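>>> below are the sequence and a predicted model; questions follow.
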Amino acid sequence: LRRFGHHRQFLKFCGLDLATQQSGTFRGQTKLSKYGNARLRRTLWLAGQVAIRQRENGFRDKFERYIARDRHNADLRRKALTAITAKMARVVHAVIKTGAGYRPFVEGPGPGGRTPLSRAVRA
């Protein structure tokens with residue numbers, strides 16, 4: 001994973017990048033390219049499914065925000081899971097590339113400019 005300088009290169013390697021079919025003036029739908037490593041993509045997809053079933057983590061929060069418009073729309077749920085899979089790939093790349101530990105809830109600086117402790121550390 002260290003050979004990829006940017007997370008977009010890793011997403012392309014996984015086949016999680018978007019591609020548009022086009023010819024001349026015709027422009028088709030934008031969907032996953034799926035040109036990358038199918039086993040890695042499937043592994044991240046399954047890990048994403050497990051992550052959204054956990055009680056409390058950043059992946060589930062993003063999934064819930066994504067499907068808030070229509071919870072029963074199967075197409076929206078599939079797109080949300082694809083977004084979670086891509087997010088998981090970006091997190092994996094960042095953890096490996098930087099060598100830092102994984103933090104399930106990364107919170108930005110508060111109003112005073114200080115970064116509060118994450119939820120997992122407060123317990």
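It's in.
>>> any regions of this structure where pLDDT drops low?
For the chain, residues meeting the criterion pLDDT under 70 lie at 105-123.
>>> got the buried residues for the longest helix along the chain?
Ranked by residue count under DSSP state H, the longest helix found in the chain is helix 74-98. Counting neighbours by 16 or more other C-beta atoms under 10 Å, one finds that the buried residues in helix 74-98 are 77, 80-89, 91-93. Every residue, glycine included, has its C-beta placed from N, CA and C.
>>> ok, now stretch 65-75?
Taking 16+ other C-beta under 10 Å as the neighbour-count basis, stretch 65-75 is seen to contain the buried residues Tyr66, Ile67.
>>> other residues contacting it?
Leu76, Arg77, Lys79, Ala80, Ala83 (C-beta atoms under 8 Å, 6 or more residues apart in numbering).
>>> distance-wise, check the residue nearest to the last one when sequence neighbours are not counted relative to Leu40.
Distances taken as C-beta to C-beta, 6 or more residues apart in numbering put Tyr66 closest to Ala83, at 6.1 Å, once the chain neighbours are dropped. For Tyr66, the distance to Leu40 under the criterion C-beta to C-beta, to the nearest Å works out to 23 Å.
>>> how about the helices in this structure?
Listed in chain order (using DSSP H), the helices of the chain are 7-14, 38-53, 58-66, 74-98, 119-122.
>>> number of nearby residues for Arg2?
When counting by other C-beta atoms under 10 Å, one arrives at 8 neighbours for Arg2.
>>> so what's it up against?
Ile96, Lys97.
>>> please report how far it lies from Ala19.
To Ala19, Arg2 is 26 Å away according to C-beta to C-beta.
>>> picking up where we left off before, got the helices of the chain as CSV, with distance to Arg27 columns?
Converted to CSV, these look like this (distance: least, C-beta to C-beta, whole Å):
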stretch, distance to Arg27
helix 7-14, 21
helix 38-53, 25
helix 58-66, 25
helix 74-98, 19
helix 119-122, 43
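>>> wait, which of the ones you listed is closest to Lys31?
When those are ranked by proximity to Lys31, the top entry is helix 74-98, at 9.5 Å, counting by C-beta to C-beta.
>>> quick one: distance of the closest one to the chain centre.
Going by C-alpha atoms, centre = their mean, to the nearest Å, the spacing between the C-alpha centre of helix 74-98 and its chain's C-alpha centre is 2 Å.
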